[in-house]
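Visitor: Sequence first, then the predicted structure, then my questions.
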Amino acid sequence: MKEIWNIFKKGIFAENPIFVLALSLCPALAVTTTAANALTMGLSVLFVLSMNNVIVSLTRKFVNPKVRVPIYITSIATIVTVVQLLLQAFFPLLYKSLGIYLSLIVVFAIILARAEVFASKNAVIPSFFDGLGMGSGFALAMLSIGIIRELLGNGSIFGIQLFGDWYNPALIMILPPGAFILIGYMVAGYKIIMERIESKQAKRGEA
Amino acid sequence: MKEYILLFISAVLVNNFVLTRFLGLCIFFGVSKNLNASVGMGMAVTSVITLSSMLAWAVYNFILLPYHLTFLTTLIFVLLIASFVQLLEMLIKKHAPTLYGMWGIYLVLIATNCVVLGVPLINAESGFNFTKSVVNAIGSGVGFSLAIILMASLREKLRLADVPKSLDGLGIAFILAGMLSLAFLGFSGMIAI
């Protein structure tokens, strides 16, 4: 039980896909203009990542290692198509605003990387939780970027206006440059926090 | 003719592939540490995008549209492009070993990447005809090369600067890209497409 919790936790903090591994950056910048878009994208990736890990792990004994990558890609593309059709049917507006970035989930490095590094070598349940952890790390990072950008750039969160007329939103935050600059500072901030935690743990270890 | 020139300029400057559309960021940040590698990568990406857009256009218009299979676009495009790039790699390796020595590693890197998948998807979504697809592909490739070469030149200068420890590496690279993107934002009012 504790092992599974550790696998899950690793994806959220120590190996966060966006802030630490710097994988799958395209969506982190492109669709985080509002918190709702960011959350939808995060949840879609969470779903694809955990489903794909389960499928890869289930089939790991029959797949010839020579053709494994095309098979992983086919499996990922199938799940992405399912997500696309579901979103198109139930949330057409969100589907439209995510645009081609939804299709581009197929080529996210993080999904292929987890299949290759983790799911192809581990049993189904740990693989599922690995996908869940990594996906949650991704979704949380997306959500936090989305909330900050929407708040600074539009003065709202999930479309709800939080401030009165006196608030003058900084439009730059929902334009492309704002995304780059914000993520630059967030990566730096994450690094500082992680270093603090590590040095505290090291001290505790000594004592 | 005017339409095509506008489309080209729009793809290079206004809707810059990297700085406005955020495609190919992994490669953009990974390769722009070195100027020579960036030039090679830019050329590899431009030619692969152009060829795969042609191929994807044909498959989309002659197979997927007539048989109402557009819901499979993502799946078909990704397999098509990945296998095409692999084939291209083998051909270049056999017939032009010098070229392979210069470019080979970049081809492997871009086989499954949003750099190459993005443009055919944009073409299909916008309903471009063949010439427009090719112009858009070349423009996107040139835009990518421009951005990555600018970024590599800036990062070479950055090596001499005294960057705070926590910002060092990825952090400062992002902020630099933000500044570059800010400069490209100036083009946004130039063409209305």
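Guide: Perfect, I can see it now.
Visitor: okay, CA-based contacts and neighbour counts for the rest of this
Guide: OK.
Visitor: Next to chain B, which bits of chain A? Give me the list.
Guide: Contact residues (CA under 8 Å from any CA of the partner chain) of chain A with chain B: A:22-27, A:29-30, A:70, A:73-74, A:77-78, A:81, A:85, A:100, A:103-104, A:106-109, A:176-189, A:191-192.
Visitor: show me where pLDDT drops low in the chain?
Guide: You didn't say which chain, so I picked chain A. Residues of chain A meeting the criterion pLDDT under 70: A:21-24, A:206-207.
Visitor: meant chain B actually
Guide: B:112, B:191-193.
Visitor: just to revisit the earlier point, so which of the residues of chain A next to chain B are in helices?
Guide: With helices taken from DSSP state H, the overlap with the residues of chain A next to chain B comprises A:25-27, A:29-30, A:70, A:73-74, A:77-78, A:81, A:85, A:100, A:103, A:109, A:176-189, A:191-192.
Visitor: What are the buried residues along the longest helix anywhere in chain B?
Guide: Using DSSP H to define each element, chain B has its longest helix at helix B:130-158. Buried residues in helix B:130-158, counting neighbours by 16 or more other CA atoms under 10 Å in any protein chain shown, are found at B:132-155.
Visitor: And stretch B:58-75, by the same measure?
Guide: B:59-61, B:64, B:70, B:73-75.
Visitor: and residue 139, what does it touch?
Guide: I went with chain A, as the question did not name one. A:38-39, A:41-43, A:45-46 (CA atoms under 8 Å, 6 or more residues apart in numbering or on different chains).
Visitor: my question was about chain B
Guide: Taking CA under 8 Å, 6+ apart as the criterion, B:Gly139 is in contact with B:7-12.
Visitor: Also near chain A: which of these, exactly?
Guide: Within the contacts of B:Gly139, nothing lies near chain A by CA under 8 Å from any CA.
Visitor: So which residues on chain B come close to chain A?
Guide: Contacts of chain B with chain A, taken as CA under 8 Å from any CA, map to B:19-26, B:71-72, B:74-75, B:78-79, B:112-114, B:117-118, B:121-122, B:166-168, B:170-182.
Visitor: Can you flag the buried ones in these?
Guide: Buried by 16+ other CA under 10 Å: B:19-26, B:74-75, B:78-79, B:112-114, B:117-118, B:121-122, B:166-167, B:170-182, out of the residues of chain B next to chain A.
Visitor: Which of those residues fall within helices?
Guide: Among these, the ones falling in helices (DSSP H) are B:25-26, B:74-75, B:78-79, B:114, B:117-118, B:121-122, B:170-182.
Visitor: follow-up on the earlier one: and the two most separated of the buried residues of stretch B:58-75?
Guide: B:Asn61 and B:Leu75 (15.6 Å; CA to CA).
Visitor: Could you find the closest non-adjacent residue to the residue nearest the centre of chain B?
Guide: The centroid of chain B falls nearest to B:Val115 when counting by CA atoms, centre = their mean (4.3 Å). Leaving aside its chain neighbours, B:Val115 sits nearest to B:Gly24 (4.6 Å; criterion: CA to CA, 6 or more residues apart in numbering or on different chains).
Visitor: Next up, the contacts around that neighbour.
Guide: Applying CA under 8 Å, 6+ apart, the residues near B:Gly24 are A:26, B:17-18, B:113-115.
Visitor: The same query, at a cut-off of 10 Å, please.
Guide: Under the criterion of CA atoms under 10 Å, 6 or more residues apart in numbering or on different chains, the neighbours of B:Gly24 are A:24-26, B:17-18, B:30, B:45, B:110, B:113-118, B:144.
Visitor: give the contact list for A:Pro169.
Guide: A:Pro169 makes contact with A:150-156, A:163, according to CA under 10 Å, 6+ apart.
Visitor: ugh, wrong one, A:Lys200
Guide: The neighbourhood of A:Lys200, defined by CA under 10 Å, 6+ apart, consists of A:Met194.
Visitor: Likewise for A:Ile192?
Guide: A:Ile192 sits next to A:186, A:198, B:165-167 when contact means CA under 10 Å, 6+ apart.
Visitor: now do 7 Å
Guide: Applying CA atoms under 7 Å, 6 or more residues apart in numbering or on different chains, we find A:Ile192 in contact with B:Ser166.
Visitor: Could you check what's spatially nearest to B:Val31, not counting adjacent residues?
Guide: Here the nearest residue to B:Val31 in space, its sequence neighbours aside, is B:Ser38; by CA to CA, 6+ apart that works out to 6.0 Å.
Visitor: any idea how far A:Leu151 is from chain B?
Guide: Taking CA to the nearest CA, to the nearest Å as the measure, A:Leu151 falls 19 Å from chain B.
Visitor: Please compute how far the helix or strand where that residue lies lies from its chain's middle.
Guide: Assigned by DSSP states H and E, A:Leu151 belongs to helix A:124-154. Using CA atoms, centre = their mean, to the nearest Å, the distance from the centre of helix A:124-154 to the centre of the chain it belongs to is 4 Å.
Visitor: buried sites along that helix?
Guide: Neighbour-count burial for helix A:124-154, counted by 16+ other CA under 10 Å, picks out A:124, A:126-154.
Visitor: Ok, stretch A:116-126 next?
Guide: For stretch A:116-126, by 16+ other CA under 10 Å, it's A:116, A:118-120, A:122-124, A:126.
Visitor: From those residues, pick the one nearest chain B.
Guide: Nearest to chain B among these, counting by CA to the nearest CA, is A:Glu116 at 14.3 Å.
Visitor: Doesn't the closest one lie inside a helix?
Guide: Yes: assessed with DSSP: H, G, I helix; E, B strand; the rest coil, A:Glu116 lies in a helix.
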